[in-house]
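Enquirer: Everything below, folded, please.
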Amino acid sequence: MPVKIRLQRHGKKGKPFYWIVAADARAKRDGKYLEKLGTYNPNTNPAQINLDIDGSVQWLQNGAQPTDTARAILSYKGVMLKNHLAGGVRKGALTQEQADAKFDAWLEGKGTAVEAKKASLAEAKGKLKAEALAAEKAVNAARIAANTPVVEEEAPVEEAAAEVEAPATEEAAPAEETAAEVEAPATEEAAPVEETAAEVEAPATKEAAPAEETAAEPEAPAEEQATKEEE
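Expert: Presented below is the predicted three-dimensional model:
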């Protein structure tokens, strides 16, 4: 029977988790399988793959055909390379020790590349976090700057109100002075009116005196005439 190495889906909705299995090609995708070879979790970066390398090589040597996704996973873990080296050993192109040395060297290089990728991802994540923190600080600073002028404008408003009240008080004093000045001339003008009345009465008295003198003067000649007659 034809055998395929493929993925069998598990996990929650939106968070898939796969088993790597060797199953009959005629079976359903999530149906029965012949052997579970490993797991594949694509929800992390880089993806987590646990695989039985020797068991996968054995199935490949027995004629199992991997699907495209399964082939990519097997190649990533070095299964395809090890199967190729095993073919060279069978043909006598190289010894088993040489094949194992080549495979170990490849695994070491692959591990270094994976660690470098993890470091770069962690650095990028830290950079994004620092940028987000800087942006948040800038937003907070802008918010504080926007709220600060409102607090500072309260004091000038009170000073302006005090300045408006001060001129009103100062203007009230000149108004009182003006009222006092208006009343003062009225008093001063009253005195001249009295003096004028006195002056008017004084000439009348003086004019009355000459009238009496004139009346007294005609009587004198009458006495003189009587004296003259006696003589």
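Enquirer: only C-alpha atoms for contact and neighbour calcs from this point on.
Expert: OK.
Enquirer: where does the protein have low pLDDT?
Expert: Low-confidence segments of the chain, defined by pLDDT under 70: 1, 149-231.
Enquirer: those strands in it, which residues are they?
Expert: Remark: strands assigned in the chain by DSSP state E are 3-12, 15-24, 35-41, 48-51, 65-66.
Enquirer: Can I get the ones you listed in JSON lines including distance to Val57 and mean neighbour count?
Expert: Formatted as JSON lines, the strands of the chain follow (distance: least, Cα to Cα, whole Å; neighbours: other Cα atoms under 10 Å):
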{"stretch": "strand 3-12", "distance to Val57": "11", "mean neighbour count": "19"}
{"stretch": "strand 15-24", "distance to Val57": "12", "mean neighbour count": "19"}
{"stretch": "strand 35-41", "distance to Val57": "10", "mean neighbour count": "18"}
{"stretch": "strand 48-51", "distance to Val57": "11", "mean neighbour count": "15"}
{"stretch": "strand 65-66", "distance to Val57": "11", "mean neighbour count": "20"}
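Enquirer: wait, which of these is closest to Ala116?
Expert: strand 48-51 (15.7 Å; Cα to Cα).
Enquirer: Touching, Leu51 and Thr39? I think so.
Expert: Yes: the criterion here is Cα atoms under 8 Å, and Leu51 meets it with Thr39 at 6.5 Å.
Enquirer: closest one to Leu107 among the strands of the chain?
Expert: strand 48-51 (13.8 Å).
Enquirer: Check which helices and strands the closest one is in contact with.
Expert: If you count contacts as 3 or more Cα pairs under 8 Å, 6 or more residues apart in numbering; DSSP states H and E, strand 48-51 packs onto strand 35-41.
Enquirer: got the angle between the strand it packs on and strand 15-24?
Expert: 160 degrees (axes from the mean of the first three to the mean of the last three Cα atoms, to 10 degrees).
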